[in-house]
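S.K.: What follows is a protein structure lacking sequence information:
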């Protein structure tokens, strides 16, 4: 997939895949830190990577919350527009 393609060019069926890639780009520094920690021997098994894992989880959580908040606001706007259209239709 080409990086210059946008969500609109890809269409709705590919939008979730693009969204997942964008989340990983935002949290990439945390992903790399966790990978580096896991690559260094026993750290993975002794709990030395717990902070890196926690930081990654918080980044992913923030992205999810931002995404759901945006989606909720867009859904309210769409719903309001639909209700207005129905109201205008019934007035005629």
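M.R.: Alright, I've got the coordinates. Because the structure is predicted, anything quoted here is derived from the model rather than measured.
S.K.: Identify the residues contacting residue 29.
M.R.: Contact analysis of residue 29 by C-beta atoms under 8 Å, 6 or more residues apart in numbering lists nothing. Placement of C-beta: from N, CA and C, glycine included.
S.K.: now for the helix or strand harbouring residue 83, which elements pack on it?
M.R.: Following DSSP states H and E, one finds residue 83 within helix 50-91. Helix 50-91 is packed against helix 15-26, helix 28-39, with contacts defined by 3 or more C-beta pairs under 8 Å, 6 or more residues apart in numbering; DSSP states H and E.
S.K.: can you give me the mean pLDDT across the last one?
M.R.: Translated: helix 28-39. Across helix 28-39, pLDDT averages out at 93.
S.K.: going forward, begin numbering at 868 instead of 1
M.R.: Yep, numbering from 868; the last one is helix 895-906 now.
S.K.: Tell me which helix or strand comes right after that helix.
M.R.: Heading C-terminal from helix 895-906 (DSSP H and E), you reach helix 910-913.
S.K.: Could you tell me the average pLDDT over that next one, please?
M.R.: Rounded mean pLDDT across helix 910-913 is 88.
S.K.: quick one: buried residues of stretch 902-916?
M.R.: Across stretch 902-916, burial judged by 16 or more other C-beta atoms under 10 Å covers 904, 916.
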